Structure formats: structure tokens, C-alpha cells
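> give the three-dimensional model of this entry:
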Amino acid sequence: MFNTILLGLVAYIPALSANSLAVVFGGGKPIDGGLRLGDNRVLGDGKTWRGLIGGTISAGSVGISLYLAAFPFYNLYPNNLVGMFVPFSFSFGAMFGDMSASFIKRRLGRKRGESSPFLDRYDFVVGSFLVGYLVYPSWVVNTYFSGQGLWNLLIILILVPLLHKGVNVIGYKIGVKKEPW
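You can find the predicted model right below:
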């Protein structure tokens, strides 16, 4: 059981790292191009093409690197061509979830950087599982939503708020984030 949980958590690292890596690559043109929906921007200046592409590719590459390192011992992702897209689907899904939360927050009248605890902590979890499911449904269900995989999901749901807070505080202290949440 321990191996199943460890593999599930390691396989989820692309989703966990995508938003942090997006900050590294971010800046540039906003995805929404400055468009407004009513009184508010569609997404805002914080969601950029460079962040989306850089976060997706770099976090997906982290997943592929982990797969290659683990391959002699374990099959981290499904051992076929479609399986190689799982880490990229998790990283893109995390970015998509983050953009979706930003869209919702703008509709609720929240400003950029304003805290919204549930959306800020679980947006990328929902997005990563959704896009991962679209790419490789049986693997995602077996790894996170059935049998021993439910432990992976539970640990992720508990671990995410703790990691989210810690990473954001570090980002704030080193000056790459404007707010500590």
C-alpha cells in the first residue's frame, strides 16, 4: 500500500508544481488580452501566455523526468504513448483550474490577489484531475478515485492547503508574489 500511495503522490508532482513554475515564466501578454466581461477583466493581468505555456511544459517535463528516473523500478505513468501525456495533462489541468478560479473570482467582483480560500487551494486539483481524466480516464480513476487510490486523493486534499500556504509565503518573502496567500 505504501508504494501505491508514494507513486500516486510522485505522479501528482506536475500538478503541484505547475503554478509555481508559471510564476517563474510569467509576465508578458495576458491571456484575456485585456478583455472585460461587464465591469471586470475576464482573467486579469496575472494569467499570461508565458506563464501558461512555461508552467505547463516545465511541470510536465518534471513529470517525465520523474518517470524516467523511476522507470527501472516502477511504472509511474502508464507505459505507453498516451501515458506520456499524463504529466502534461496534470500540469495543464492545474493551470486551467487556476484560470477557471480567476474567472470565477472576477465574476464575484474579487480583485487580483484577493484571497478566496477554497478556490485558491483546490482550483488546480479539480482542473488537473479533470484534464488528466480526459487524457487517460482509467489510470486517473485507478490511481486516485478507487481502492487504495482513494488514500492518494485524501492525502492530496489534506496536503494541498499546507503546501499552498507554505509555497505562497516563501514566494512572498522572496518577492515573486505580492501577497502571502
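> which helices and strands sit right next to the top helix by length along the chain?
Looking across the chain with DSSP state H, the single longest helix is helix 149-173. Packing partners of helix 149-173 (3 or more C-beta pairs under 8 Å, 6 or more residues apart in numbering; DSSP states H and E): helix 2-11, helix 13-25, helix 117-135, helix 137-144. The way it works is simple: take the backbone N, C-alpha and C, and place the C-beta from them, glycine included.
> nearest to residue 49, out of the ones you listed?
Nearest of the helices and strands packed on helix 149-173 to residue 49, taken as C-beta to C-beta: helix 13-25 at 9.7 Å.
> quick check: buried residues in the longest helix of the chain?
Buried residues in helix 149-173, counting neighbours by 16 or more other C-beta atoms under 10 Å, are found at 149, 151, 152, 153, 156, 160, 164, 167, 168, 171.
> from residue 162, how far off is the residue nearest to the spatial centre of the chain?
The residue lying closest to the centre of the chain (C-alpha atoms, centre = their mean) is residue 94, at 2.6 Å. Distance of residue 94 to residue 162, given as C-beta to C-beta, to the nearest Å: 17 Å.
> count the residues that sit near residue 113.
12 (other C-beta atoms under 10 Å).
> give the buried residues for stretch 63-82.
Under the neighbour-count criterion of 16+ other C-beta under 10 Å, stretch 63-82 has 63, 64, 66, 67, 70, 76, 77, 78 buried.
> contacts only, for the residue nearest to the centre of the chain.
By C-beta atoms under 8 Å, 6 or more residues apart in numbering, residue 94 lies in contact with 14, 15, 16, 18, 19, 55, 59, 124, 125, 127, 128.
> again, only using 10 Å
12, 14-22, 55-56, 59, 123-129, 131-132 (C-beta atoms under 10 Å, 6 or more residues apart in numbering).
> residue 88 too?
With C-beta under 10 Å, 6+ apart, residue 88 has these contacts: 14, 18, 56, 57, 59, 60, 61, 63, 64, 131, 132, 135.
> elements contacting the helix or strand bottoming out on mean pLDDT in the chain?
Least confident helix or strand of the chain, by mean pLDDT, DSSP states H and E, is helix 2-11 with a mean of 81. Here helix 2-11 touches helix 49-70, helix 86-107, helix 137-144, helix 149-173, going by 3 or more C-beta pairs under 10 Å, 6 or more residues apart in numbering; DSSP states H and E.
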